[in-house]
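A.B. asks: Pasted the sequence and its predicted model underneath.
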Amino acid sequence: MTTFNSRRIKAFAQALVCASAALLTPAMATELVGRVVDNSDARVFSGATVQVRSNAASRFDALTTDDEGFFRVSSMPSGAYLLDVSLLDGRTFMARLIIRSQRTTQFLELDYSRAVAPDDEY
């Protein structure tokens, strides 16, 4: 009887340790690397502002593209996002992004020549 109980206690303890490890391990998030370009004339937009939001109330900090048009968001969980892009000359456009898998890095090219005017829908 004692052997049976000690096996059950040991099995329960192992299951508890595994469950605790799974709960305490942070969910993997994806690094987003993006670039703002205009492929119709092979131009990149440095200094553009990219605002990433997951819904109307949740926003990431505004990002500014570097000299080659790149921006980076270090930690994005799975979900749907709206990216509002403002160029230095005042033009704006938006893009929608869905991150489904937990890739280490996801690349996104935001092409002004293929963009539509921003709207308030999400």
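C.D. replies: Sure, I can see it.

A.B. asks: Excluding covalently adjacent residues, which one is nearest to Ser86?
C.D. replies: Counting by C-beta to C-beta, 6 or more residues apart in numbering, Thr49 is the residue found nearest to Ser86 once chain neighbours are left out, at 4.4 Å. From N, CA and C alone the C-beta is placed, and that goes for glycine too.

A.B. asks: Test my guess that Val52 contacts Phe71.
C.D. replies: No. Judged on C-beta atoms under 8 Å, Val52 makes no contact with Phe71 at a distance of 9.1 Å.

A.B. asks: Are there residues contacting both of those two? Which ones?
C.D. replies: Residues touching both Val52 and Phe71 (C-beta atoms under 8 Å, 6 or more residues apart in numbering): Leu63.

A.B. asks: By neighbour count, which bits of the host helix or strand of Phe93 are buried? Give me those.
C.D. replies: Using DSSP states H and E, Phe93 falls within strand 92-99. Neighbour-count burial for strand 92-99 flags 93-95, 97, 99 (criterion: 16 or more other C-beta atoms under 10 Å).

A.B. asks: thought Val73 was touching Arg53?
C.D. replies: No. Counting by C-beta under 8 Å, Val73 does not reach Arg53; the two are 11.4 Å apart.

A.B. asks: The two: who's more crowded?
C.D. replies: Using other C-beta atoms under 10 Å, the more surrounded residue of Val73 and Arg53 is Val73, with 20 against 14.
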